[in-house]
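**Q** model the following, please.
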Amino acid sequence: MSIGTIPQIVLYIITCLFYIQLTRLNRKPMRKPRPNFPRPCFVHLINRTVNREFLFGDMEKEYFVELMRRVEAFTGCTVLTFVIMSNHYHILLAENAMPEIDDDALLARMESLYGAQHTTFKEDREWLLMCREAGMDHAAEELRQKYLARMHNVAGFMHCLNQRFAEYVNRTKNRTGHLWGDRYKRVDVEQESDALSAMACYIDMNPVRAGLEEDPAMYRWSGYGAASGGVEQAQAGLVRLYEVDGTRALGSGSKLLEDDTTGAASAEAGDGAAPLADRWKNVAARYRMLVFETGVRKSDASGQTTRPGFSREQIQDVLDRVGLLTMAQFLRCRSSYFSSSVAFGSQKFIEEIEPMLTKQFGFKKSRDPQSIEEADTDFKVFRRRRRRGRVRPS
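**A** Got it, this is the predicted structure:
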């Protein structure tokens, strides 16, 4: 090696070290893992589309809600309320403690996510049962842990929801690439304080703030809108909000519900034995008052609206009605009273035809007319069976 080549080698080494250091400086730091809070904990989750594109129409929103409920059943988390907009969504989620989950419970959760005819569900179910029969408990436990690791944690819920929904949107819209613009945002919310109910109101007020609806109960792709439309899962979520955060969630008003003393006491005590319909009756009125009280419209000095919301007259009207919907509002939310009821009318009308309907459907006991409790009306309905599925507003 000649002496003249030594400085060239040194220069080459220095240049390489310089570019290596420059690459390290330009590299984004690794993301830190999310903090783990003691369960149950409550989190506000937000995610937006790439470039904030408006990719979610009615069909995508319907599928999102359906998928969210499947993921909720699989993971064991609880959606307290939610809203899906045209380019983002909000979810107020409860991360529940992990219970004991046996093989039957695990398979039931897997079926709720995949469906009974899905290849993955059928193959893993057969493998689990075969391992148990052959005494290969170590192999069965390995499969169980693969699924249990995705349950009762926010990360598992969001990964499953975001990935599956992105695959659906890309497939139906014939697009490729990322659907979500960045990592989802997580905000941990204090429980047993005003923070939880304030966050729920903020989420359910999104359609009003965006100018899509004048009344949040009329937006079908939200927790409050779905609950007003009769979806039991949505009602159960807001009832749990009421039971956990019973301070601000009580709402206020110039009058009290005449017959809600027992229901209010049960809800505040977290009495899970009380029927959901009884607890929702009280929560529906009080949560509506709370949403309107916190959703006041704001204007600047010139009278220009700076934040859409409700006028003082609208808020006072809701408080004067103790949170009850008008008949027109209620029937817009609950079109099922027109379509899935056997009879609809006054109490006298229902009582007159009740014996005939009871005999026709083979009921062993007579049924009293069912009140439309969430609305200020005397109309009654007669139902053939208790409604459990989704009811969509008209």
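
**Q** what's the average pLDDT for the helix or strand hosting residue 93?
**A** Residue 93 belongs to strand 88-95 when elements are defined using DSSP states H and E. When the per-residue pLDDT values of strand 88-95 are averaged, the result is 95.

**Q** chain center to the helix or strand just after it: distance?
**A** Where DSSP H and E defines the elements, the next helix or strand beyond strand 88-95 is helix 103-114. The chain centroid and the centroid of helix 103-114 are separated by 20 Å, computed with C-alpha atoms, centre = their mean, to the nearest Å.

**Q** counting by contacts, list what helix 103-114 packs against.
**A** helix 58-75, helix 119-133, helix 137-148 (3 or more C-beta pairs under 8 Å, 6 or more residues apart in numbering; DSSP states H and E). Bear in mind the C-beta positions are built from the backbone N, C-alpha and C, glycine included.

**Q** where does this protein have its least confident helix or strand?
**A** Least confident element among the helices and strands of the chain, by mean pLDDT, DSSP states H and E: helix 261-269 (a mean of 41).

**Q** which helices and strands sit right next to the strand holding residue 93?
**A** Secondary structure elements in contact with strand 88-95, counted by 3+ C-beta pairs under 8 Å, 6+ apart, are strand 41-48, strand 78-84, helix 154-172, helix 194-204, helix 232-244.

**Q** circling back: just put the helices and strands packed on helix 103-114 in JSON lines and tack on mean neighbour count and mean pLDDT.
**A** As requested, the helices and strands packed on helix 103-114 are exported to JSON lines (neighbours: other C-beta atoms under 10 Å; pLDDT from 0 to 100):
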{"stretch": "helix 58-75", "mean neighbour count": "18", "mean pLDDT": "95"}
{"stretch": "helix 119-133", "mean neighbour count": "14", "mean pLDDT": "94"}
{"stretch": "helix 137-148", "mean neighbour count": "14", "mean pLDDT": "94"}
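
**Q** could you dump those to TSV with distance to residue 12?
**A** Converted to TSV, these look like this (distance: least, C-beta to C-beta, whole Å):
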stretch	distance to residue 12
helix 58-75	55
helix 119-133	54
helix 137-148	49
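
**Q** out of those, which is closest to residue 357?
**A** helix 58-75 (32.1 Å; C-beta to C-beta).

**Q** what does stretch 295-303 contact?
**A** Contacts to stretch 295-303, defined as C-beta atoms under 8 Å, 6 or more residues apart in numbering, come from residues 201, 205, 208, 216, 305-312, 315.

**Q** narrow those to those that are buried.
**A** Members of those that pass the buried threshold by neighbour count (16 or more other C-beta atoms under 10 Å) are listed as 201, 205, 208, 216, 309, 310, 315.

**Q** just the residues you listed: which are in helices?
**A** Using DSSP state H, the members of the buried ones among the contacts of stretch 295-303 that fall in helices are 201, 208, 315.

**Q** any idea how far residue 228 is from the second one?
**A** Look at residue 208 and residue 228: by C-beta to C-beta, to the nearest Å, they are 14 Å apart.

**Q** residue 295 now?
**A** For residue 295, the distance to residue 228 (C-beta to C-beta) stands at 15 Å.

**Q** which of the two has more residues huddled nearby?
**A** Under the neighbour definition other C-beta atoms under 10 Å, residue 295 and residue 228 were set side by side, and residue 228 has more, 30 against 21.

**Q** my read: that one touches residue 217, true?
**A** Yes. Taking C-beta atoms under 8 Å as the contact criterion, residue 228 and residue 217 are neighbours in contact, 4.1 Å apart.

**Q** residues contacting residue 214?
**A** Residue 214 is in contact with residue 208, counting by C-beta under 8 Å, 6+ apart.

**Q** coming back round to it: let's have the helices and strands packed on strand 88-95 in CSV, adding distance to residue 70 and mean pLDDT.
**A** What follows is those, written out as CSV (distance: least, C-beta to C-beta, whole Å; pLDDT from 0 to 100):
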stretch, distance to residue 70, mean pLDDT
strand 41-48, 17, 91
strand 78-84, 11, 96
helix 154-172, 9, 95
helix 194-204, 21, 86
helix 232-244, 11, 88
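
**Q** point out the most buried one among these.
**A** Using mean count of other C-beta atoms under 10 Å, the stretch among these with the largest mean neighbour count is strand 78-84, at a mean of 24.

**Q** what angle do it and strand 41-48 make?
**A** Strand 78-84 and strand 41-48 are oriented at 20 degrees to each other (axes from the mean of the first three to the mean of the last three C-alpha atoms, to 10 degrees).

**Q** so how far is residue 233 from residue 82?
**A** Distance check for residue 82 against residue 233: by C-beta to C-beta, it reads 11 Å.

**Q** over to residue 116?
**A** From residue 116 across to residue 233, the span is 20 Å (C-beta to C-beta).

**Q** likewise for residue 78?
**A** Applying C-beta to C-beta, the value for residue 78 to residue 233 is 9 Å.

**Q** which residues do those two both contact?
**A** Counting by C-beta under 8 Å, 6+ apart, the residues touching both residue 78 and residue 233 are residue 72.

**Q** residue 181 against residue 55, yeah?
**A** No. Because the distance of 11.1 Å does not satisfy C-beta under 8 Å, residue 181 is recorded as not touching residue 55.

**Q** joint contacts of those two?
**A** When contacts are counted by C-beta under 8 Å, 6+ apart, residue 181 and residue 55 are jointly contacted by residue 49.

**Q** domain ranges for the protein?
**A** Domain segmentation of the chain under automatic domain parsing yields 41-189, 339-394.
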